[in-house]
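In: below is the structure, and that's it, no one-letter string:
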């Protein structure tokens, strides 16, 4: 009865409460998310699903915890964990040195490349980065691509930060792409595959960025929860993590 009362209470207050165990109902973890990043975390049929969700549900099940998810735009999600309003944030968050100054990251659980995504029917293909000047590029405010534009593209004269079109989340960014408001969107390879396979959007890669991107779960600074979560990632091991990834991305 206690579990039912708790579930009804959080449902009435519009939060999503996921109970992993009845052993310690006081062990509540506050989670910040931006659920517009398939396949890492997105909404379908009124539920949040994805790779990150499956991993964290598994962690809570193994530790006997409860977690409460609150949705933000991308910048709000990062702000919630850096300010201590949330214990952890996840939605395919890139690990960067700048972010490490205000939050602690788990060990990387996925490495991905970056893509410039465009509509198939426009058939945009970037063979030289100097061609970028002809196009309007977009991504959500606060994403890792700011650093790439600022440190790689801008110094070489390929593209500047003031040319970038910023949106609150990937939902708005991809809608603008489909409406023809923008030409290209920075995303990672896993997102592109999910847009094509799961959401059946008519998109393709216009350019693959050389290099790689490590994703991690972001914890508030000094969190002991981060250390225990790293232990869980070790318990899972690379093969089980790969199996989780494969369930969401069919190649």
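Out: Yep, that arrived. Quick caveat: nothing in here was measured; it's all calculated off a predicted structure. Residues are numbered from 1 along each chain as shown.

In: check which residues of stretch 85-99 are buried.
Out: 86, 87, 88, 89, 90, 91, 92, 93, 94, 95, 99 (16 or more other C-beta atoms under 10 Å). Where you see a C-beta, it was placed from the backbone N, CA and C, and this is true even at glycine.

In: the strands in the stretch 151-251 of the chain, which residues?
Out: Along the stretch 151-251 of the chain, the segments classed as strands by DSSP state E, counting those that start in this stretch run 165-167, 184-188, 203-220.

In: and the second one with strand 203-220, angle?
Out: The reference is to strand 184-188. In terms of direction (axes from the mean of the first three to the mean of the last three C-alpha atoms, to 10 degrees), strand 184-188 departs from strand 203-220 by 50 degrees.

In: strand 184-188 pairs with which strands, and in what direction?
Out: Note on strand 184-188: by DSSP bridges, its sheet partners are strand 110-119 (antiparallel), strand 137-140 (parallel).

In: next: the shortest one.
Out: With DSSP bridges as the criterion, the sheet partners recorded for strand 165-167 are strand 137-140 (parallel).

In: contacts for the strand it pairs with, please.
Out: 34, 73-75, 116, 145, 159, 163-170, 172-173, 176-177, 182-187 (C-beta atoms under 8 Å, 6 or more residues apart in numbering).

In: any weak-confidence spans in the stretch 1-150 of the chain?
Out: Where the stretch 1-150 of the chain drops to pLDDT under 70, the residues are 1-26.

In: okay, helices next: where are they in it?
Out: Assigned by DSSP state H, counting those that start in this stretch, the helices in the stretch 1-150 of the chain fall at 2-12, 51-63, 74-82, 97-100, 145-148.

In: in the third one, what counts as buried?
Out: Which is helix 74-82. Going by 16+ other C-beta under 10 Å, helix 74-82 has these buried residues: 74, 75, 76, 77, 78, 79, 80, 81, 82.

In: which residues touch the last one?
Out: Right, residue 82. Here residue 82 is in contact with 102, 103, 220, 221 (criterion: C-beta under 8 Å, 6+ apart).

In: filter these down to the buried ones, ChimeraX style.
Out: Command for ChimeraX that selects the buried part of those, burial taken from 16+ other C-beta under 10 Å:
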select :103,220
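
In: residues contacting residue 52?
Out: 33, 40, 41, 90, 91, 92, 217.

In: which residue is the nearest non-sequential neighbour of it?
Out: residue 90 (4.1 Å; C-beta to C-beta, 6 or more residues apart in numbering).

In: shouldn't the one you found be in contact with residue 217?
Out: Yes: counting by C-beta atoms under 8 Å, residue 217 is a contact partner of residue 90 at 4.8 Å.

In: what do these two both touch?
Out: 52, 55, 56.

In: number of nearby residues for residue 58?
Out: By the criterion of other C-beta atoms under 10 Å, residue 58 has 16 neighbours.

In: again, but for the one 3 residues further on
Out: By other C-beta under 10 Å, the residues close to residue 61 number 13.

In: ditto for residue 202
Out: 12.

In: repeat that for the one 10 residues further on.
Out: Residue crowding around residue 212 was assessed by other C-beta under 10 Å; the count is 12.
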